[in-house]
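J.: Prediction below, plus the sequence it came from.
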Amino acid sequence: MPEGDTVYRTATKLREALQGKELTRCDVRVPKFATVDLTGCVVDEVRSRGKHLFIRVGDASIHSHLKMEGAWLVGGQIRRVPGHKIRILLHTNDSRVAGVDLGVLEILDREHDMEAVAHLGPDLLGDDWEPRVARANLVKDPDRPLGEALLDQRVMAGVGNVYANELCFVTGYLPTTPVSEVKDPLRMVQRARDMLWLNRSRVNRTTTGDTRGGRDLWVYGRRGRPCRRCGTPIDSDSSADRVSYWCPVCQT
């Protein structure tokens with residue numbers, strides 16, 4: 001599931017494939033921007049901001065958000081994807097890149113591209129990370145459920161549903177716990193930073209410290225399976241927009 005660490009890793013991959021190179025092909029398959037052709041322009045920078053990604057080319061900035069299903073593929077990976085799923089193709093003399101099933105794809109004026117993410121809180125994997133600002137954002141609405149607050153990108157940018165559930169578990173709170181009951185919100189946001197930072201270069205994300213399949217997460221996706229700490233079956237709730245997972249004993 002694409003979260004801040006996935007986008008950070010994607011930006012690194014695209015930087016290696018595109019940065020400093022001239023585009024020999026630019027095919028944008030989104031009606032609003034289908035006439036945009038950046039062929040002949042040099043890719044100056046690829047950067048991530050939370051779950052958003054920017055490819056700066058000439059005077060333009062290609063802004064994308066993976067949402068739930070999106071991905072950026074490089075080289076031979078592209079051959080495995082049906083053409084109708086591709087939203088953009090970028091080629092250089094020695095590389096090929098495709099944006100597939102992107103939830104958001106738009107071409108912005110490079111000078112103002114950061115306006116698209118001005119509403120975001122501090123980026124957990126960015127140069128602007130500031131834990132005390134993230135803490136202040138988190139406690140701003142004391143009655144808000146913790147799980148919901150962690151998912152709000154205006155609090156801090158990069159946490160998705162996997163990390164929100166895992167953070168609640170490792171800190172011992174139910175996702176429904178009001179933010180006002182979190183004893184150390186600064187430690188909470190710092191723990192979020194630690195989780196994403198340690199996973200920023202891993203394909204196999206882990207919050208338990210074990211990257212082996214089936215051992216990598218504490219509660220997420222483990223409904224009915226025994227808690228790794230106490231053995232109690234993991235519970236879940238799918239009535240909201242996002243599914244919540246928790247241990248009824250370890251999270252009180």
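T.: Noted; the coordinates are in hand.

J.: Leu186: what's it in contact with?
T.: Taking C-beta atoms under 8 Å, 6 or more residues apart in numbering, we find Leu186 in contact with Pro131, Arg132, Arg135. The way it works is simple: take the backbone N, C-alpha and C, and place the C-beta from them, glycine included.

J.: Relative to Ile78, how far out is it?
T.: 44 Å (C-beta to C-beta, to the nearest Å).

J.: Ok, Asp210 next?
T.: Counting by C-beta to C-beta - Asp210 and Ile78 are separated by 32 Å.

J.: And for Val7?
T.: As defined by C-beta to C-beta, Val7 lies at a distance of 19 Å from Ile78.

J.: so Arg228 makes contact with Asp216?
T.: No: counting by C-beta atoms under 8 Å, Arg228 stays clear of Asp216, with 10.7 Å between them.

J.: Between Val7 and Ile78, tell me which one has more neighbours.
T.: For Val7 versus Ile78, the count of surrounding residues by other C-beta atoms under 10 Å is larger for Val7: 26 against 15.

J.: Please report the confidence value the model assigns to that one.
T.: On pLDDT, Val7 comes in at 97.

J.: any idea which helix or strand carries it?
T.: In the assignment (DSSP states H and E), Val7 maps to helix 4-18.

J.: Run through who's touching that helix.
T.: Against helix 4-18 from outside (C-beta under 8 Å, 6+ apart): 43, 46-48, 50-53, 55, 66, 71-72, 74-75, 90, 92, 95, 97, 123-125, 157-160, 163, 196, 199-203, 205.

J.: out of the residues you listed, which are inside strands?
T.: Members of the contacts of helix 4-18 lying in strands (criterion: DSSP state E): Val43, Val46, Arg47, Ser48, His52, Leu53, Ile55, Ala71, Trp72, Val74, Leu90, Val97.
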